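> I need the structure of the sequence given here:
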Amino acid sequence: MIIVMGATGATGGALVRSLADSAVPCRALSREPQRLRARLGAAAGPLVEVHAADAADPVSLRAAFSGGRQLFLTMENGPRQIEFELRAIEAALDSGIEHIVKISSPASEPDSPVAIARGHHTVETRLRTAGITATVLRPYAFMQNLLLLGPSVAHGGLMVGAMGQAPCNYVDCRDIGEVAAAVLTRPELAGDTYSLTGAETCSFGRLAELLSRLRGRPVRYLDLPPEQFRAQLKAERGLPGWLANHVVEIQQLAVTRPEAPTDTVARLLGRAPRGLETFLTEHIDVFR
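Residues are numbered from 1 along each chain as shown. Okay, the predicted model is just below:
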């Protein structure tokens with residue numbers, strides 16, 4: 001049995017749908033199982049068990065992991081994310097899980113300039129000493145997160161950031177889910193670390209040009225100094241401090257470490273990754 005944590009998220013949900021499409025049974029976990037069933041819709045068929053579990057409750061985790069052989073581990077970014085992921089690993093080991101697939105960060109290093117990435121490094125280090133098979137997926141920026149720009153683009157034709165004209169890797173969460181399904185169902189792929197991107201990089205300036213053409217109205221990119229952008233995220237968008245810091249840190253990472261696409265998705269899936277323009281076209285109403 002494959003256990004899927006984070007099944008309510010874009011990546012976990014994509015994995016569940018990919019497994020269901022391939023007739024592979026799985027158990028999808030959520031603190032709110034009814035909400036998860038509604039979110040999965042038709043994908044929550046007979047091969048998908050929806051089970052209640054709370055990462056803050058080790059007893060519920062062990063119950064949810066019972067009978068499982070593989071675990072997909074991803075959690076929403078947050079101040080307790082690393083604590084919860086480490087707790088999930090210990091519960092998985094207690095429950096006899098033999099293979100964990102973890103969503104990590106491309107900057108997963110002990111001295112990473114991104115605080116959350118330093119936490120991912122801590123979790124990866126624990127996985128390497130766990131005595132089981134561990135596969136690490138390191139996706140770059142999620143295309144789905146671009147939808148958060150929708151309101152400011154739709155109402156003011158404006159994108160704000162602190163990335164200059166640095167190239168940024170974007171990857172569709174559906175591709176991440178399909179890669180996760182591949183490493184969970186093809187043993188020869190397990191136990192490695194994979195960096196996941198789309199087929200091309202795109203700066204915020206180029207993104208503004210794409211959105212301008214696709215929606216038929218101009219979009220302008222306003223580049224701010226990092227501290228000013230951080231203050232705006234907190235004051236105008238109401239982001240908590242840790243999240244505002246994270247957004248600025250990952251944008252500045254693209255500036256200090258120019259990004260280039262990998263061919264990993266194409267190698268593992270046998271097809272090109274979904275393109276950014278295709279994704280924006282699918283969701284253009286969000287930006288109108």
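> report pLDDT for the residue nearest to residue 81 when sequence neighbours are not counted.
Nearest residue to residue 81 in three dimensions, chain neighbours excluded: residue 75, at 5.2 Å (CB to CB, 6 or more residues apart in numbering). For the C-beta atoms, the positions are set from N, CA and C on the backbone; glycine is no exception. For residue 75, the pLDDT comes out at 90.
> count of neighbours near residue 75?
Number of residues near residue 75 (other CB atoms under 10 Å) recorded here: 20.
> now do residue 98
14.
> surely it is in contact with residue 69?
Yes: using CB atoms under 8 Å, residue 98 is in contact with residue 69, at 5.3 Å.
> contacts for the top helix by length along the chain?
In the chain, assigned by DSSP state H, the helix with the most residues is helix 241-256. Outside helix 241-256, the residues within contact range by CB atoms under 8 Å, 6 or more residues apart in numbering are 77-79, 107, 113-116, 141, 161-164, 166-168, 226, 229-230, 233-234, 239.
> return a ChimeraX selection command for the buried portion of those.
In ChimeraX, a selection of the buried entries from the contacts of helix 241-256 looks like this (16 or more other CB atoms under 10 Å):
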select :107,114,116,141,161,162,163,166,167,168,226,229,230,233,239
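> so residue 178 makes contact with residue 16?
No: using CB under 8 Å, residue 178 makes no contact with residue 16, being 11.5 Å away.
> compare those two (neighbour count), which wins?
residue 16 (31 against 23).
> and the more buried one, how far is that from residue 137?
Distance check for residue 16 against residue 137: by CB to CB, to the nearest Å, it reads 16 Å.
> what's the answer for residue 284, then?
28 Å.
> neighbour count winner among these two?
residue 137 (21 against 14).
> which residues sit against the helix or strand where the more buried one lies?
Assigned by DSSP states H and E, residue 137 belongs to strand 133-139. Contacting residues not belonging to strand 133-139 are listed as 11, 98-106, 108, 124, 127-128, 171, 176, 179-180, 183, 189-197 [CB under 8 Å, 6+ apart].
> strand partners (parallel or antiparallel) of that strand?
Sheet pairing for strand 133-139, assigned by DSSP bridges, gives strand 99-103 (parallel), strand 193-196 (parallel).
> looking at those, which is closest to residue 206?
Nearest to residue 206, of all the strands paired with strand 133-139, is strand 193-196, at 20.6 Å by CB to CB.
> please save the CA atoms from the helix or strand following the closest one in PDB.
Heading C-terminal from strand 193-196, the first helix or strand you meet, by DSSP H and E, is helix 204-215. Presented in PDB, the C-alpha positions along helix 204-215 are these (Å, rounded to 0.1, in the frame of the first residue of the first chain):
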ATOM      1  CA  PHE A 204       9.300  37.800 -14.200                       C
ATOM      2  CA  GLY A 205       9.700  40.300 -17.000                       C
ATOM      3  CA  ARG A 206       9.100  37.500 -19.600                       C
ATOM      4  CA  LEU A 207       6.200  36.200 -17.500                       C
ATOM      5  CA  ALA A 208       4.600  39.700 -17.700                       C
ATOM      6  CA  GLU A 209       5.000  39.700 -21.400                       C
ATOM      7  CA  LEU A 210       3.400  36.200 -21.700                       C
ATOM      8  CA  LEU A 211       0.400  37.300 -19.500                       C
ATOM      9  CA  SER A 212       0.000  40.500 -21.500                       C
ATOM     10  CA  ARG A 213      -0.300  38.600 -24.800                       C
ATOM     11  CA  LEU A 214      -2.500  35.800 -23.400                       C
ATOM     12  CA  ARG A 215      -5.000  38.100 -21.700                       C
END
